[in-house]
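Undergrad: need the 3D shape of this:
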Amino acid sequence: MMRHLDMCESREEFVFTAAQVVHEAARDAVAKRGRFLLALSGGSTPGPLYEELARGEFRMPWEKTHVFFSDERAVPPDDARSNFHMARESLLDRVPLPEGHVHRIKGELGAAAAADAYEAEVREVVAAPGEQGSLVPEAVFDLVLLGMGPDGHTASLFPGAPTLGEEARCFVAAPVPALEPHVERVTMTLPCIASARRVAVLTGAKGKREALEAVLGGAPGAAERYPVARVSAAERLYWIVRP
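TA: Got it, this is the predicted structure:
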């Protein structure tokens, strides 16, 4: 696995760098396999990236793109706390994605039922032929976008949570975290993230210096303290950090 680190000096550089990563992954996936399987992150950090992609300067192969999510809150899709809601407003409703190519986590079902339904959908749509019987199919997604919280969590994988030990599934229910919003979640698991061809962690540095320095510097105990330190990828792992 190759690791790329971009410490950006401005918001504009951050957005451009992240958009380049998405565009390159899309172009490579379509050229090699005929489609692009993208998992979006929630939170506020990727919003400017989604808006940039929606502007159309980066010529994305939307007609061959399938969009998934790396995590979701157990809320309806029109709830302001929903990751799908944010992505729909900033990106999904503004680009020509074919019908059926947006695969949202149905948080309104409740975390456990939504995780079961999404697990089945991902296995059906994404897994390569002959891999459905494996624990976690290899190279499930072409690109997974992730963020990082001040406590070092990523997706909805929080420090000390039992979800960190999941090995058999791609998506599981996650308990109510200490951070807001205090609702149950559905999250992609660490093995599923690791099976992706490319993974990009998008994060701001403000309020996260201690975690960033420990994770990027490989400090002793970082993997036990910060879940994001356990993130890997099959081919390339990008860290894109804004001021």
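
Undergrad: and the strands in the chain?
TA: Counting by DSSP state E, one finds strands in the chain at the ranges 2-7, 36-40, 65-69, 71-73, 143-146, 171-174, 185-188, 198-204, 236-242.

Undergrad: contact partners of the shortest one?
TA: Read it as strand 71-73. The contact list for strand 71-73 (CB atoms under 8 Å, 6 or more residues apart in numbering) reads 41-42, 79, 81-84, 104-105, 107, 114, 155-156, 174, 181, 183-188. The way it works is simple: take the backbone N, C-alpha and C, and place the C-beta from them, glycine included.

Undergrad: that strand pairs with which strands?
TA: Strand 71-73 sits in its sheet next to strand 185-188 (antiparallel), going by DSSP bridges.

Undergrad: returning to that earlier point: could you say which of the strands of the chain is packed most deeply?
TA: With neighbours defined as mean count of other CB atoms under 10 Å, the strands of the chain peak in mean count at strand 185-188, which reaches a mean of 30.

Undergrad: run through who's touching it.
TA: Outside strand 185-188, the residues touching it (CB under 8 Å, 6+ apart) are 39, 70-74, 105, 107, 111, 114-115, 118, 144, 155-157, 163, 170-175, 177.

Undergrad: give me the subset of the contacts of strand 71-73 that lies in helices.
TA: Among the contacts of strand 71-73, the members falling in helices (DSSP state H) are 83, 84, 114.

Undergrad: any stretches of this structure with poor pLDDT?
TA: Along the chain, segments meeting pLDDT under 70 span 128-139.

Undergrad: ok, back up a step: any chance of the strands of the chain in CSV, plus distance to residue 22?
TA: Converted to CSV, the strands of the chain look like this (distance: least, CB to CB, whole Å):
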stretch, distance to residue 22
strand 2-7, 13
strand 36-40, 7
strand 65-69, 10
strand 71-73, 18
strand 143-146, 6
strand 171-174, 22
strand 185-188, 17
strand 198-204, 8
strand 236-242, 10
